[in-house]
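S.K.: Dropping the sequence and predicted coords here.
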Amino acid sequence: AEGVSLGALYCFGLGHFCESVTAKYQFAFLIALKKALGILNSKIFVSDPIFYKDEEAILSEIYGLNVITENLECFVPCQEPSLIILPHCPKQLTNNLLFSNWKPRLLENILVISNSLTNISESVQSSNVKFIHAVVEHNILEEKRLKNSFKFSDIFNDLSFHSFKVMKNNDKDIWQMSRPFYDEADVEFISRKELT
């Protein structure tokens, strides 16, 4: 994000930071990143469909962050440069984010800190994550692995910093891919339908 003026910072899937030690540290990372990048509270959006009402109140009233209470499933088109943090989130969220920005101009607006998309693409053969496969296979993805120097090895492991660069010679057909759909039996991913 160096040299880039961010329009927004999004964090999805933080979890119950009032209960989970992992979520507490990931929340601390979000706050440290906010300070390091000098991002205003008004430009920070936090969302997790499992948040308790008290957690939403802490985020909005004590920290002054914007809480997204609707389950957007990470369908977030980014019209301006945005950093999206998906700490150990289901791969469907990253796939949805890519779909929502599946135009060269929009895709180049997003910076993503999440589990390694290269690892996901190599280990998951499912067509359910076709946007993740596409950015890897068409060399649109620029990935920098983040070295985990934290004292606990399971909180920030397998994270990478991802940016996207569209080449003029990219196959034009890839921009015609349709909206992703997922297996309802996948318990890792909380869909909107499950909350209604």
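M.R.: Arrived safely, thanks for sending.
S.K.: Relative to residue 102, how far out is residue 95?
M.R.: Residue 95 is 10 Å from residue 102, where distance means C-beta to C-beta, to the nearest Å. C-beta: built from backbone N, CA, C; applies to glycine.
S.K.: for residue 28, same thing?
M.R.: Counting by C-beta to C-beta - residue 28 and residue 102 are separated by 33 Å.
S.K.: Residue 27 reaches residue 17, doesn't it?
M.R.: Yes: using C-beta atoms under 8 Å, residue 27 is in contact with residue 17, at 4.4 Å.
S.K.: Surely residue 9 is within a helix?
M.R.: No: counting by DSSP: H, G, I helix; E, B strand; the rest coil, residue 9 falls outside a helix, being strand.
S.K.: Check whether it really touches residue 37, as I assumed.
M.R.: Yes: counting by C-beta under 8 Å, residue 9 does reach residue 37; the two are 7.5 Å apart.
S.K.: which one of these two has more residues nearby?
M.R.: Higher neighbour count among residue 9 and residue 37: residue 9, with 24 against 15, using other C-beta atoms under 10 Å.
S.K.: Which residues does that one form beta bridges with?
M.R.: Beta-bridge partners of residue 9, counted by DSSP bridges, are residue 44, residue 83.
S.K.: can you pull the pLDDT of it?
M.R.: Among the per-residue scores, residue 9 holds a pLDDT of 97.
S.K.: next one: the helix or strand harbouring residue 23 to chain centre, how far?
M.R.: Using DSSP states H and E, residue 23 falls within helix 21-37. Relative to the centre of its chain, helix 21-37 is centred 14 Å away, using C-alpha atoms, centre = their mean, to the nearest Å.
S.K.: what's the answer for stretch 106-119, then?
M.R.: Distance, centroid of stretch 106-119 to centroid of chain: 7 Å (C-alpha atoms, centre = their mean).
S.K.: Pull out the buried residues from it.
M.R.: Buried residues in stretch 106-119, counted by 16 or more other C-beta atoms under 10 Å: 106-118.
S.K.: Distance check, residue 70 against residue 174.
M.R.: 29 Å.
S.K.: These two: who's more crowded?
M.R.: Per other C-beta under 10 Å, whichever of residue 70 and residue 174 has more neighbours is residue 174, with 16 against 9.
S.K.: close enough to count as contact, the more buried one and residue 136?
M.R.: No: with contacts counted by C-beta under 8 Å, residue 174 stays clear of residue 136, the gap being 11.8 Å.
S.K.: hang on, the earlier thing: restricted to helices, list the buried residues of stretch 106-119.
M.R.: Mapping these onto helices (DSSP state H) picks out 106, 107, 117, 118.
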